[in-house]
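Visitor: quick one, what's the 3D model for this:
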Amino acid sequence: MFLERARRLQALKEEAKHLALHEVALLRRIALELGRRLGLDSERTFGLEPRELAVAATAGAASDVVARAEARLEARRDWASRPLPTAWSAADLERRWDGVEVPRAPLVGELRGLRVAGTGEVTGTVRVLRSPEEIAQLEPGEVLVARFTDPAWTPAFPRTAGIVTEVGGWLSHAAILARELGLPAIVGVPGATRTLRTGDRVRLSTSGLVSKLPPADAAPAATAEVTQSEPEAGSIPAIETL
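Guide: This is a model prediction of the structure:
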């Protein structure tokens, strides 16, 4: 009874999200049109609050809003250009807001994280990607290494032999999707994108260790060798979606 109810409510949840996205799409078109009337591109338009857009478009205070949009875009680009540590405290955020750099932890020791999906060890060639726009560079069978993933990264998952992210846990996007697809995934690996380079060969172990291997000239660049083994004691098995 409870399983049947869960299945029914899960369908309602997805339907609600689907309908909500229709509303968001409409609001997005309205915002873009208001921005167009103010002479703003999409990047600057979405740096403004809805009320600011509406007031500027109807009251004629375009110059103030345009200047505000430019300032926010500059601030956003400044934040995006600065390397951030994997974990932040409230004090770190306050210091960064005041213009004080928050140093990242130095790269020491081994690369290790939390093994959240898949069984057995995987050996493959690394592909370090910085954004979803680079997914086309990913060759089938490579090991994807990224700072984190979100739904925009979903097309990369069926092409990869394994996932390594710097940020994440059991309930992160990378972990959930990897379990659904049965992909080996290790998340929460500090310094992964700084230590590993595209073309490196690595082994993803069931313990969460990411080992860099000597180059193998005879191995094709887009292949991954999977050694199946029993999951370690205490590991969480792959979760099937209903």
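
Visitor: C-alpha from now on. contacts and neighbour counts both.
Guide: OK.

Visitor: the closest residue to Leu40 other than its chain neighbours: which element?
Guide: Counting by CA to CA, 6 or more residues apart in numbering, Leu40 lies nearest to Val66, which is 7.4 Å off, once chain neighbours are set aside. Secondary structure from DSSP states H and E places Val66 in helix 62-81.

Visitor: distance between that helix and the chain's centre?
Guide: Chain-centre distance of helix 62-81: 24 Å, with CA atoms, centre = their mean, to the nearest Å.

Visitor: mind listing what's buried along it?
Guide: Neighbour-count burial for helix 62-81, counted by 16 or more other CA atoms under 10 Å, picks out 62, 65-66, 68-70, 72-73.

Visitor: helix/strand/coil for the residue nearest in space to the middle of the chain?
Guide: In the chain, the residue lying closest to the centroid (CA atoms, centre = their mean) is Thr149, at 1.7 Å. Going by DSSP: H, G, I helix; E, B strand; the rest coil, the secondary structure assigned to Thr149 is coil.

Visitor: now do Thr223, the pLDDT please.
Guide: With respect to pLDDT, Thr223 scores 42.

Visitor: low pLDDT regions in the protein?
Guide: The chain contains residues with pLDDT under 70 at 59-61, 83-88, 92, 96-109, 216-242.

Visitor: give me that answer again for 50
Guide: Residues of the chain meeting the criterion pLDDT under 50: 218-242.

Visitor: select the longest helix from it.
Guide: Counting residues, the longest helix found in the chain (DSSP state H) is helix 2-37.

Visitor: can you give me the buried ones in that helix?
Guide: Neighbour counts over helix 2-37 (16+ other CA under 10 Å) mark 31-35 as buried.

Visitor: downstream of that helix, the next helix or strand is which one?
Guide: Note on helix 2-37: by DSSP H and E, the next helix or strand toward the C-terminus is helix 42-45.

Visitor: quick one: buried residues of that next one?
Guide: Using 16+ other CA under 10 Å as the burial criterion, the residues of helix 42-45 that qualify are 44-45.

Visitor: next one: stretch 123-133
Guide: For stretch 123-133, burial by neighbour count (16+ other CA under 10 Å) applies to 123-129, 132.

Visitor: closest one to Arg82 out of the residues you listed, please.
Guide: Leu129 (16.9 Å; CA to CA).

Visitor: verify the stated contact: that closest one with Thr149.
Guide: No: applying CA atoms under 8 Å, one finds Leu129 not in contact with Thr149, separated by 10.3 Å.

Visitor: TSV for the buried residues of helix 2-37, including distance to Ala11?
Guide: Formatted as TSV, the buried residues of helix 2-37 follow (distance: CA to CA, whole Å):
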residue	distance to Ala11
Ala31	30
Leu32	32
Glu33	34
Leu34	35
Gly35	36
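
Visitor: look through this structure and tell me its longest strand.
Guide: The longest strand of the chain (DSSP state E) is strand 121-128.

Visitor: restricting to C-alpha, output that strand in PDB.
Guide: Listed next in PDB are the C-alpha coordinates belonging to strand 121-128 (Å, rounded to 0.1, in the frame of the first residue of the first chain):
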ATOM      1  CA  GLU A 121      37.100  -0.300  -9.600                       C
ATOM      2  CA  VAL A 122      37.300   1.800 -12.800                       C
ATOM      3  CA  THR A 123      40.400   2.700 -14.700                       C
ATOM      4  CA  GLY A 124      40.100   5.300 -17.400                       C
ATOM      5  CA  THR A 125      41.300   8.500 -19.100                       C
ATOM      6  CA  VAL A 126      40.500  11.800 -17.400                       C
ATOM      7  CA  ARG A 127      38.500  14.700 -19.000                       C
ATOM      8  CA  VAL A 128      38.500  17.800 -16.800                       C
END
